[in-house]
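Trainee: the sequence and its predicted three-dimensional model are supplied below.
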Amino acid sequence: MNRITPLILAVALFMEQMDSTVIATALPTIAADLGVGPITLKLALTAYMVALAIFIPVSGWMADRFGAKRIFRAAIVVFMIGSLLCAISGSLLFFVASRFLQGMGGAMMTPVGRLVLLRTTKKSELVSAMALLTIPGLLGPITGPPVGGFITTFFSWHWIFLINIPIGLLGLFLSSRYLPEIEPIETAAIDWRGFAFSSGAASGLVFGLSVLSLPALPIAVGATATLGGILCLVLYVVHARRHPAPLLALTLFANRSFRAAIIGGTVFRIAAGATPFLLPLMLQLGFGMSAFQSGMTTFIAAVGAISTKFIARRAFAAAGFRNLLIAAGIGGAITTAANSIFTPATPIALIMTMLLIGGFCRSFFFTGVNTLGYAEIEDGQASQATSLTSVLQQVSLALGVATAAAILEASTRVTGETLSLGDFHLAFAIVAGLSIFAVLPFFGLSRDVGSAVSGYRRAPEDDTISVK
(Lines give C-alpha, C1' and ligand atoms only; values in the text may rest on other atoms or scores of the structure.)
Protein backbone atom coordinates (compact mmCIF):
# COMPACT_ATOMS: atom_id res chain seq x y z
CA MET A 1 0.00 0.00 0.00
CA ASN A 2 1.22 3.50 -0.81
CA ARG A 3 1.08 4.75 2.77
CA ILE A 4 1.34 8.42 1.87
CA THR A 5 -2.04 8.31 0.10
CA PRO A 6 -4.20 7.70 3.21
CA LEU A 7 -1.97 10.08 5.18
CA ILE A 8 -2.58 12.94 2.73
CA LEU A 9 -6.30 12.23 2.68
CA ALA A 10 -6.44 11.96 6.49
CA VAL A 11 -4.77 15.37 6.97
CA ALA A 12 -7.21 17.03 4.56
CA LEU A 13 -10.20 15.36 6.21
CA PHE A 14 -8.96 16.34 9.66
CA MET A 15 -8.85 19.98 8.53
CA GLU A 16 -12.46 19.70 7.37
CA GLN A 17 -13.72 17.77 10.40
CA MET A 18 -12.05 20.03 12.95
CA ASP A 19 -13.25 23.19 11.24
CA SER A 20 -16.86 22.05 11.57
CA THR A 21 -16.54 22.36 15.39
CA VAL A 22 -13.56 24.65 15.99
CA ILE A 23 -15.58 27.88 16.08
CA ALA A 24 -17.94 26.61 18.81
CA THR A 25 -15.85 28.05 21.66
CA ALA A 26 -15.03 31.20 19.69
CA LEU A 27 -18.66 32.15 18.98
CA PRO A 28 -18.97 34.82 21.71
CA THR A 29 -15.78 36.58 20.57
CA ILE A 30 -16.67 36.44 16.86
CA ALA A 31 -20.22 37.58 17.63
CA ALA A 32 -18.93 40.58 19.58
CA ASP A 33 -16.68 41.61 16.69
CA LEU A 34 -19.52 41.26 14.19
CA GLY A 35 -21.99 43.07 16.45
CA VAL A 36 -24.47 40.22 16.86
CA GLY A 37 -25.46 37.83 19.64
CA PRO A 38 -23.79 34.40 20.06
CA ILE A 39 -27.12 32.63 19.49
CA THR A 40 -27.59 34.44 16.17
CA LEU A 41 -24.07 33.51 15.08
CA LYS A 42 -24.92 29.82 15.45
CA LEU A 43 -26.37 30.28 11.97
CA ALA A 44 -22.75 30.02 10.82
CA LEU A 45 -22.50 26.52 12.32
CA THR A 46 -25.77 25.57 10.67
CA ALA A 47 -24.76 27.06 7.29
CA TYR A 48 -21.63 24.88 7.22
CA MET A 49 -23.58 21.69 7.93
CA VAL A 50 -26.28 22.58 5.40
CA ALA A 51 -23.66 23.10 2.68
CA LEU A 52 -22.23 19.67 3.48
CA ALA A 53 -25.68 18.11 3.24
CA ILE A 54 -26.50 19.79 -0.09
CA PHE A 55 -23.32 19.05 -2.01
CA ILE A 56 -22.24 15.65 -0.67
CA PRO A 57 -24.83 13.77 -2.82
CA VAL A 58 -23.40 15.17 -6.05
CA SER A 59 -19.74 14.67 -5.08
CA GLY A 60 -19.60 11.07 -6.29
CA TRP A 61 -21.00 11.97 -9.71
CA MET A 62 -18.50 14.82 -10.06
CA ALA A 63 -15.59 12.55 -9.08
CA ASP A 64 -16.64 10.01 -11.71
CA ARG A 65 -17.21 12.61 -14.41
CA PHE A 66 -14.13 14.82 -13.88
CA GLY A 67 -11.72 12.56 -12.00
CA ALA A 68 -11.49 11.98 -8.23
CA LYS A 69 -8.04 13.52 -7.78
CA ARG A 70 -9.02 16.68 -9.68
CA ILE A 71 -12.20 17.13 -7.62
CA PHE A 72 -10.32 16.49 -4.37
CA ARG A 73 -7.81 19.25 -5.17
CA ALA A 74 -10.61 21.59 -6.24
CA ALA A 75 -12.36 20.92 -2.92
CA ILE A 76 -9.24 21.99 -1.01
CA VAL A 77 -9.09 25.23 -3.03
CA VAL A 78 -12.77 26.02 -2.35
CA PHE A 79 -12.26 25.26 1.34
CA MET A 80 -9.24 27.60 1.49
CA ILE A 81 -11.12 30.43 -0.23
CA GLY A 82 -14.01 30.01 2.21
CA SER A 83 -11.56 30.04 5.14
CA LEU A 84 -9.91 33.26 3.92
CA LEU A 85 -13.28 34.96 3.45
CA CYS A 86 -14.33 33.90 6.96
CA ALA A 87 -11.20 35.53 8.38
CA ILE A 88 -11.88 38.87 6.70
CA SER A 89 -15.64 38.90 7.35
CA GLY A 90 -17.04 42.11 8.75
CA SER A 91 -20.74 41.28 8.88
CA LEU A 92 -23.00 38.39 9.84
CA LEU A 93 -24.24 37.84 6.28
CA PHE A 94 -20.71 37.78 4.85
CA PHE A 95 -19.53 35.39 7.57
CA VAL A 96 -22.45 32.97 7.12
CA ALA A 97 -21.99 32.99 3.33
CA SER A 98 -18.26 32.30 3.77
CA ARG A 99 -18.98 29.36 6.07
CA PHE A 100 -21.39 28.03 3.46
CA LEU A 101 -18.61 28.21 0.85
CA GLN A 102 -16.31 26.37 3.25
CA GLY A 103 -18.95 23.69 3.59
CA MET A 104 -19.09 23.29 -0.19
CA GLY A 105 -15.39 22.45 -0.19
CA GLY A 106 -15.75 20.16 2.81
CA ALA A 107 -18.65 18.35 1.13
CA MET A 108 -16.33 17.26 -1.66
CA MET A 109 -13.34 16.42 0.53
CA THR A 110 -14.82 13.64 2.67
CA PRO A 111 -16.59 11.35 0.16
CA VAL A 112 -14.10 11.99 -2.64
CA GLY A 113 -11.22 11.31 -0.26
CA ARG A 114 -12.76 7.94 0.59
CA LEU A 115 -13.28 7.26 -3.11
CA VAL A 116 -9.62 7.97 -3.88
CA LEU A 117 -8.66 5.54 -1.12
CA LEU A 118 -10.99 2.82 -2.41
CA ARG A 119 -9.66 3.08 -5.96
CA THR A 120 -5.98 3.16 -5.00
CA THR A 121 -5.85 0.55 -2.22
CA LYS A 122 -5.88 -3.23 -2.46
CA LYS A 123 -8.81 -4.81 -0.63
CA SER A 124 -6.44 -6.79 1.55
CA GLU A 125 -4.93 -3.50 2.82
CA LEU A 126 -8.18 -1.55 3.11
CA VAL A 127 -8.57 -2.05 6.88
CA SER A 128 -5.23 -0.38 7.65
CA ALA A 129 -5.91 2.48 5.25
CA MET A 130 -9.46 3.02 6.54
CA ALA A 131 -8.23 2.97 10.15
CA LEU A 132 -6.08 6.00 9.36
CA LEU A 133 -8.89 7.72 7.48
CA THR A 134 -11.32 7.14 10.38
CA ILE A 135 -9.17 9.05 12.87
CA PRO A 136 -10.01 12.58 11.57
CA GLY A 137 -13.73 12.03 12.13
CA LEU A 138 -13.05 11.02 15.74
CA LEU A 139 -10.43 13.67 16.51
CA GLY A 140 -12.18 16.61 14.84
CA PRO A 141 -15.10 17.00 17.29
CA ILE A 142 -12.75 16.39 20.26
CA THR A 143 -9.93 18.74 19.28
CA GLY A 144 -12.04 21.47 17.65
CA PRO A 145 -13.39 23.22 20.77
CA PRO A 146 -10.12 23.29 22.79
CA VAL A 147 -8.10 24.38 19.74
CA GLY A 148 -10.64 27.09 18.99
CA GLY A 149 -10.54 28.26 22.60
CA PHE A 150 -6.74 28.31 22.67
CA ILE A 151 -6.41 30.28 19.42
CA THR A 152 -9.11 32.75 20.44
CA THR A 153 -7.60 33.27 23.91
CA PHE A 154 -3.94 33.66 22.97
CA PHE A 155 -4.17 34.99 19.40
CA SER A 156 -7.39 36.08 17.67
CA TRP A 157 -10.36 34.25 16.20
CA HIS A 158 -9.23 35.13 12.67
CA TRP A 159 -6.41 32.59 12.97
CA ILE A 160 -8.96 29.79 13.35
CA PHE A 161 -9.53 30.22 9.61
CA LEU A 162 -6.17 31.61 8.45
CA ILE A 163 -4.37 28.50 9.72
CA ASN A 164 -6.24 26.52 7.06
CA ILE A 165 -4.35 28.35 4.29
CA PRO A 166 -0.87 26.86 4.87
CA ILE A 167 -2.40 23.47 5.67
CA GLY A 168 -4.43 23.63 2.47
CA LEU A 169 -1.41 24.67 0.38
CA LEU A 170 0.53 21.73 1.80
CA GLY A 171 -2.38 19.43 0.99
CA LEU A 172 -2.48 20.74 -2.58
CA PHE A 173 1.24 20.17 -3.05
CA LEU A 174 1.21 16.66 -1.58
CA SER A 175 -1.94 15.56 -3.38
CA SER A 176 -0.68 16.93 -6.71
CA ARG A 177 2.65 15.15 -6.33
CA TYR A 178 1.80 11.89 -4.60
CA LEU A 179 -1.84 10.99 -5.20
CA PRO A 180 -2.18 8.67 -8.21
CA GLU A 181 -4.13 9.88 -11.20
CA ILE A 182 -7.65 8.46 -11.35
CA GLU A 183 -9.14 8.77 -14.81
CA PRO A 184 -12.74 9.95 -15.21
CA ILE A 185 -15.22 7.22 -16.03
CA GLU A 186 -18.22 7.36 -18.32
CA THR A 187 -21.29 8.48 -16.40
CA ALA A 188 -24.90 9.22 -17.24
CA ALA A 189 -26.14 12.81 -17.27
CA ILE A 190 -26.64 14.18 -13.80
CA ASP A 191 -29.96 13.34 -12.19
CA TRP A 192 -31.11 16.90 -11.47
CA ARG A 193 -34.44 15.93 -9.95
CA GLY A 194 -32.72 13.39 -7.74
CA PHE A 195 -30.19 16.06 -6.75
CA ALA A 196 -33.01 18.42 -5.78
CA PHE A 197 -34.80 15.77 -3.69
CA SER A 198 -31.66 14.33 -2.05
CA SER A 199 -30.13 17.70 -1.18
CA GLY A 200 -33.52 18.90 0.05
CA ALA A 201 -33.84 15.82 2.25
CA ALA A 202 -30.33 16.01 3.69
CA SER A 203 -30.21 19.77 4.16
CA GLY A 204 -33.76 19.91 5.54
CA LEU A 205 -33.01 17.26 8.14
CA VAL A 206 -29.59 18.66 9.09
CA PHE A 207 -30.83 22.27 9.20
CA GLY A 208 -34.02 21.38 11.03
CA LEU A 209 -32.32 19.19 13.62
CA SER A 210 -29.59 21.80 14.13
CA VAL A 211 -32.15 24.54 14.77
CA LEU A 212 -34.09 22.30 17.15
CA SER A 213 -30.94 21.45 19.13
CA LEU A 214 -29.11 24.80 18.93
CA PRO A 215 -31.94 27.31 18.45
CA ALA A 216 -30.71 30.36 16.54
CA LEU A 217 -34.13 30.63 14.90
CA PRO A 218 -37.67 29.95 16.15
CA ILE A 219 -38.40 26.28 16.91
CA ALA A 220 -41.18 26.36 14.31
CA VAL A 221 -38.54 26.96 11.62
CA GLY A 222 -36.61 23.89 12.72
CA ALA A 223 -39.74 21.72 12.84
CA THR A 224 -40.87 22.90 9.39
CA ALA A 225 -37.42 22.25 7.89
CA THR A 226 -37.30 18.77 9.43
CA LEU A 227 -40.71 17.87 8.06
CA GLY A 228 -39.69 19.27 4.67
CA GLY A 229 -36.59 17.09 4.75
CA ILE A 230 -38.67 14.01 5.50
CA LEU A 231 -41.02 14.85 2.60
CA CYS A 232 -38.06 15.26 0.22
CA LEU A 233 -36.69 11.93 1.43
CA VAL A 234 -39.96 10.18 0.57
CA LEU A 235 -40.03 11.88 -2.84
CA TYR A 236 -36.44 10.81 -3.50
CA VAL A 237 -37.18 7.17 -2.66
CA VAL A 238 -40.11 7.19 -5.11
CA HIS A 239 -37.97 8.93 -7.75
CA ALA A 240 -34.94 6.63 -7.33
CA ARG A 241 -37.05 3.51 -7.86
CA ARG A 242 -38.18 4.81 -11.25
CA HIS A 243 -35.01 6.50 -12.54
CA PRO A 244 -32.57 4.34 -14.56
CA ALA A 245 -29.49 6.12 -13.12
CA PRO A 246 -30.40 7.86 -9.84
CA LEU A 247 -27.89 10.15 -8.15
CA LEU A 248 -27.80 7.90 -5.06
CA ALA A 249 -28.59 4.27 -5.88
CA LEU A 250 -30.82 2.75 -3.20
CA THR A 251 -30.14 -0.67 -4.76
CA LEU A 252 -26.90 -0.60 -2.74
CA PHE A 253 -29.01 -1.61 0.26
CA ALA A 254 -29.60 -4.99 -1.39
CA ASN A 255 -26.01 -5.77 -0.42
CA ARG A 256 -26.29 -7.32 3.05
CA SER A 257 -22.94 -6.18 4.42
CA PHE A 258 -23.41 -2.63 3.11
CA ARG A 259 -26.90 -2.49 4.62
CA ALA A 260 -25.69 -3.73 8.02
CA ALA A 261 -22.76 -1.29 8.03
CA ILE A 262 -24.97 1.66 7.12
CA ILE A 263 -27.73 0.88 9.65
CA GLY A 264 -25.35 -0.04 12.46
CA GLY A 265 -23.07 2.92 11.77
CA THR A 266 -25.97 5.39 11.60
CA VAL A 267 -27.45 4.26 14.93
CA PHE A 268 -24.06 4.19 16.67
CA ARG A 269 -23.16 7.61 15.28
CA ILE A 270 -26.09 9.15 17.17
CA ALA A 271 -24.16 8.48 20.39
CA ALA A 272 -20.95 9.65 18.71
CA GLY A 273 -22.65 12.92 17.81
CA ALA A 274 -24.22 13.39 21.25
CA THR A 275 -21.10 12.74 23.33
CA PRO A 276 -18.95 15.73 22.17
CA PHE A 277 -22.00 17.92 22.82
CA LEU A 278 -22.90 16.51 26.25
CA LEU A 279 -19.53 15.78 27.84
CA PRO A 280 -17.89 19.25 27.76
CA LEU A 281 -21.13 20.79 29.03
CA MET A 282 -21.38 18.27 31.87
CA LEU A 283 -17.78 18.77 32.91
CA GLN A 284 -18.14 22.56 32.87
CA LEU A 285 -21.67 23.01 34.25
CA GLY A 286 -21.86 19.93 36.46
CA PHE A 287 -18.24 19.56 37.58
CA GLY A 288 -17.20 23.22 37.58
CA MET A 289 -14.28 22.72 35.17
CA SER A 290 -13.03 25.47 32.90
CA ALA A 291 -13.31 25.09 29.13
CA PHE A 292 -9.59 24.32 28.95
CA GLN A 293 -9.77 21.72 31.73
CA SER A 294 -12.71 19.93 30.14
CA GLY A 295 -10.96 19.99 26.77
CA MET A 296 -7.81 18.42 28.17
CA THR A 297 -9.90 15.78 29.98
CA THR A 298 -11.87 14.73 26.91
CA PHE A 299 -8.81 14.79 24.68
CA ILE A 300 -7.72 11.44 26.15
CA ALA A 301 -10.35 9.82 23.91
CA ALA A 302 -8.21 10.86 20.95
CA VAL A 303 -5.36 8.73 22.29
CA GLY A 304 -7.65 5.69 22.29
CA ALA A 305 -8.78 6.47 18.76
CA ILE A 306 -5.25 6.83 17.41
CA SER A 307 -4.05 3.62 19.07
CA THR A 308 -6.36 1.48 16.92
CA LYS A 309 -4.39 2.49 13.82
CA PHE A 310 -1.52 0.25 14.91
CA ILE A 311 -3.53 -2.92 15.60
CA ALA A 312 -6.69 -2.65 13.46
CA ARG A 313 -5.54 -4.86 10.61
CA ARG A 314 -4.35 -7.69 12.87
CA ALA A 315 -7.43 -7.44 15.08
CA PHE A 316 -9.89 -7.73 12.20
CA ALA A 317 -7.84 -10.55 10.68
CA ALA A 318 -7.98 -12.44 13.98
CA ALA A 319 -11.63 -11.84 14.92
CA GLY A 320 -13.41 -10.87 11.69
CA PHE A 321 -15.76 -7.98 11.03
CA ARG A 322 -18.86 -9.44 12.68
CA ASN A 323 -17.31 -10.44 16.00
CA LEU A 324 -15.20 -7.31 16.43
CA LEU A 325 -18.01 -4.92 15.46
CA ILE A 326 -20.35 -6.52 18.00
CA ALA A 327 -17.68 -6.33 20.72
CA ALA A 328 -16.71 -2.74 19.87
CA GLY A 329 -20.35 -1.64 19.70
CA ILE A 330 -21.14 -3.11 23.12
CA GLY A 331 -17.95 -1.60 24.56
CA GLY A 332 -18.84 1.80 23.11
CA ALA A 333 -22.33 1.65 24.64
CA ILE A 334 -20.95 0.66 28.06
CA THR A 335 -18.37 3.46 28.11
CA THR A 336 -21.03 5.96 27.01
CA ALA A 337 -23.29 4.75 29.83
CA ALA A 338 -20.41 5.18 32.29
CA ASN A 339 -20.72 8.95 31.85
CA SER A 340 -24.15 8.70 33.50
CA ILE A 341 -22.61 7.78 36.87
CA PHE A 342 -19.68 10.20 36.95
CA THR A 343 -19.79 12.90 39.64
CA PRO A 344 -17.31 15.56 40.79
CA ALA A 345 -16.19 13.03 43.43
CA THR A 346 -15.24 10.44 40.77
CA PRO A 347 -11.44 10.18 40.45
CA ILE A 348 -10.33 11.99 37.32
CA ALA A 349 -8.09 9.01 36.48
CA LEU A 350 -11.16 6.75 36.31
CA ILE A 351 -13.04 9.20 34.10
CA MET A 352 -10.10 9.50 31.72
CA THR A 353 -9.64 5.72 31.65
CA MET A 354 -13.24 5.20 30.57
CA LEU A 355 -12.90 7.96 27.95
CA LEU A 356 -9.73 6.28 26.67
CA ILE A 357 -11.50 2.93 26.33
CA GLY A 358 -14.49 4.65 24.74
CA GLY A 359 -12.29 6.29 22.10
CA PHE A 360 -10.68 2.92 21.46
CA CYS A 361 -14.04 1.16 20.99
CA ARG A 362 -15.54 3.90 18.80
CA SER A 363 -12.47 3.97 16.56
CA PHE A 364 -12.61 0.20 16.08
CA PHE A 365 -16.34 0.35 15.35
CA PHE A 366 -16.11 3.11 12.77
CA THR A 367 -13.04 1.58 11.13
CA GLY A 368 -15.02 -1.65 10.86
CA VAL A 369 -18.27 -0.24 9.47
CA ASN A 370 -16.46 2.14 7.10
CA THR A 371 -14.47 -0.78 5.68
CA LEU A 372 -17.20 -3.43 5.72
CA GLY A 373 -19.56 -1.09 3.89
CA TYR A 374 -17.25 -1.12 0.86
CA ALA A 375 -15.92 -4.68 1.19
CA GLU A 376 -18.36 -6.18 -1.33
CA ILE A 377 -19.19 -3.09 -3.39
CA GLU A 378 -18.30 -3.14 -7.09
CA ASP A 379 -15.88 -0.45 -8.29
CA GLY A 380 -18.57 1.10 -10.48
CA GLN A 381 -20.76 1.66 -7.41
CA ALA A 382 -17.99 3.06 -5.19
CA SER A 383 -18.71 6.73 -5.87
CA GLN A 384 -22.40 6.37 -5.03
CA ALA A 385 -21.57 4.31 -1.94
CA THR A 386 -19.20 6.97 -0.57
CA SER A 387 -21.71 9.77 -1.25
CA LEU A 388 -24.61 7.89 0.34
CA THR A 389 -22.50 6.98 3.38
CA SER A 390 -21.34 10.58 3.87
CA VAL A 391 -24.88 11.96 3.64
CA LEU A 392 -26.15 9.55 6.29
CA GLN A 393 -23.18 10.35 8.52
CA GLN A 394 -24.03 14.06 8.52
CA VAL A 395 -27.70 13.39 9.25
CA SER A 396 -26.94 10.94 12.07
CA LEU A 397 -24.42 13.29 13.73
CA ALA A 398 -26.98 16.12 13.62
CA LEU A 399 -29.59 13.72 15.00
CA GLY A 400 -27.22 12.83 17.86
CA VAL A 401 -26.85 16.47 18.94
CA ALA A 402 -30.59 17.09 18.50
CA THR A 403 -31.45 14.00 20.56
CA ALA A 404 -29.12 15.02 23.39
CA ALA A 405 -30.40 18.59 23.41
CA ALA A 406 -34.03 17.39 23.36
CA ILE A 407 -33.41 15.11 26.37
CA LEU A 408 -31.83 17.96 28.34
CA GLU A 409 -34.67 20.30 27.44
CA ALA A 410 -37.37 17.76 28.34
CA SER A 411 -35.65 16.89 31.62
CA THR A 412 -35.46 20.51 32.76
CA ARG A 413 -39.11 21.09 31.81
CA VAL A 414 -40.24 18.08 33.86
CA THR A 415 -38.20 19.07 36.92
CA GLY A 416 -38.86 22.77 36.52
CA GLU A 417 -35.27 23.49 37.44
CA THR A 418 -32.19 24.77 35.66
CA LEU A 419 -29.80 22.37 33.95
CA SER A 420 -28.22 20.05 36.52
CA LEU A 421 -25.86 17.08 36.66
CA GLY A 422 -28.82 14.69 36.84
CA ASP A 423 -30.07 15.93 33.46
CA PHE A 424 -26.75 15.01 31.85
CA HIS A 425 -26.80 11.60 33.55
CA LEU A 426 -30.23 10.92 32.09
CA ALA A 427 -29.13 12.03 28.61
CA PHE A 428 -26.07 9.77 28.64
CA ALA A 429 -28.12 6.79 29.85
CA ILE A 430 -30.70 7.21 27.06
CA VAL A 431 -28.09 7.77 24.34
CA ALA A 432 -26.14 4.70 25.49
CA GLY A 433 -29.35 2.65 25.45
CA LEU A 434 -30.00 3.72 21.87
CA SER A 435 -26.46 2.98 20.72
CA ILE A 436 -26.58 -0.67 21.86
CA PHE A 437 -29.10 -1.31 19.06
CA ALA A 438 -26.31 -0.56 16.58
CA VAL A 439 -24.91 -4.10 17.01
CA LEU A 440 -28.15 -5.89 16.04
CA PRO A 441 -27.62 -5.79 12.23
CA PHE A 442 -24.30 -7.62 12.58
CA PHE A 443 -25.75 -10.70 14.29
CA GLY A 444 -27.36 -11.67 10.99
CA LEU A 445 -24.03 -11.68 9.10
CA SER A 446 -21.80 -14.70 8.68
CA ARG A 447 -18.64 -14.86 10.76
CA ASP A 448 -16.42 -14.53 7.70
CA VAL A 449 -18.28 -11.65 6.04
CA GLY A 450 -15.81 -9.39 4.24
CA SER A 451 -12.99 -11.89 4.77
CA ALA A 452 -11.37 -10.86 1.47
CA VAL A 453 -10.74 -7.49 3.10
CA SER A 454 -10.19 -8.45 6.75
CA GLY A 455 -8.12 -11.57 6.08
CA TYR A 456 -10.19 -13.47 8.68
CA ARG A 457 -10.42 -17.22 8.28
CA ARG A 458 -12.68 -19.48 10.32
CA ALA A 459 -11.14 -22.20 12.39
CA PRO A 460 -12.30 -25.73 11.40
CA GLU A 461 -14.34 -26.07 14.59
CA ASP A 462 -16.26 -22.90 13.68
CA ASP A 463 -17.41 -24.52 10.45
CA THR A 464 -18.49 -27.62 12.35
CA ILE A 465 -20.51 -25.56 14.77
CA SER A 466 -22.19 -23.64 11.98
CA VAL A 467 -23.27 -26.90 10.27
CA LYS A 468 -24.83 -28.20 13.44
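Mentor: It's in. Residues are numbered from 1 along each chain as shown.

Trainee: please count neighbours and contacts with C-alpha atoms only from this point.
Mentor: Will do.

Trainee: ok, Phe94 to Ala328 distance?
Mentor: Look at Phe94 and Ala328: by Cα to Cα, to the nearest Å, they are 43 Å apart.

Trainee: more neighbours: which of the two?
Mentor: Ala328 (21 against 14; other Cα atoms under 10 Å).

Trainee: which non-adjacent residue is nearest that one?
Mentor: Cys361 (4.9 Å; Cα to Cα, 6 or more residues apart in numbering).

Trainee: got phi/psi on that neighbour?
Mentor: phi -70, psi -40 (degrees, to the nearest 10).

Trainee: that one - how many residues pack around it?
Mentor: There are 27 residues near Cys361, going by other Cα under 10 Å.

Trainee: and the helix or strand harbouring Lys42, what's buried?
Mentor: Per DSSP states H and E: Lys42 is located in helix 38-66. Using 16 or more other Cα atoms under 10 Å as the burial criterion, the residues of helix 38-66 that qualify are 38, 41-66.

Trainee: contacts only, for the residue nearest to Ala328.
Mentor: Applying Cα atoms under 8 Å, 6 or more residues apart in numbering to Cys361 gives the contacts Gly304, Ala305, Ala328, Gly329, Gly331, Gly332.

Trainee: now find how far off-centre the helix holding Lys42 is within its chain.
Mentor: Computed by Cα atoms, centre = their mean, to the nearest Å, the separation of helix 38-66 from the middle of its chain amounts to 13 Å.

Trainee: again with stretch 432-442
Mentor: Using Cα atoms, centre = their mean, the distance between the centre of stretch 432-442 and that of its chain works out at 18 Å.

Trainee: in it, what counts as buried?
Mentor: Residues of stretch 432-442 classed as buried under the neighbour-count rule (16+ other Cα under 10 Å) are Ala432, Gly433, Ser435, Ile436, Phe437, Ala438, Val439, Pro441, Phe442.

Trainee: got any ranges where the protein has weak pLDDT?
Mentor: The model of the chain has pLDDT under 70 over residues 1-3, 20-21, 24-25, 38-39, 134-143, 145, 214-216, 291, 458-468.

Trainee: in it, where's the longest helix?
Mentor: helix 382-415 (DSSP state H).

Trainee: what is it packed up against?
Mentor: helix 38-66, helix 92-120, helix 192-213, helix 256-281, helix 421-435 (3 or more Cα pairs under 8 Å, 6 or more residues apart in numbering; DSSP states H and E).

Trainee: export these as a markdown table, with columns for distance to Gln381.
Mentor: Shown next, in a markdown table, are the helices and strands packed on helix 382-415 (distance: least, Cα to Cα, whole Å):
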| stretch | distance to Gln381 |
| --- | --- |
| helix 38-66 | 10 |
| helix 92-120 | 10 |
| helix 192-213 | 17 |
| helix 256-281 | 12 |
| helix 421-435 | 29 |
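
Trainee: can you say which of those is nearest to Leu392?
Mentor: helix 256-281 (6.7 Å; Cα to Cα).

Trainee: relative to helix 421-435, how tilted is the closest one?
Mentor: 170 degrees (axes from the mean of the first three to the mean of the last three Cα atoms, to 10 degrees).

Trainee: how far away is Val453 from Asp379?
Mentor: From Val453 to Asp379 the distance is 14 Å (Cα to Cα).

Trainee: no further queries at this time; thank you.
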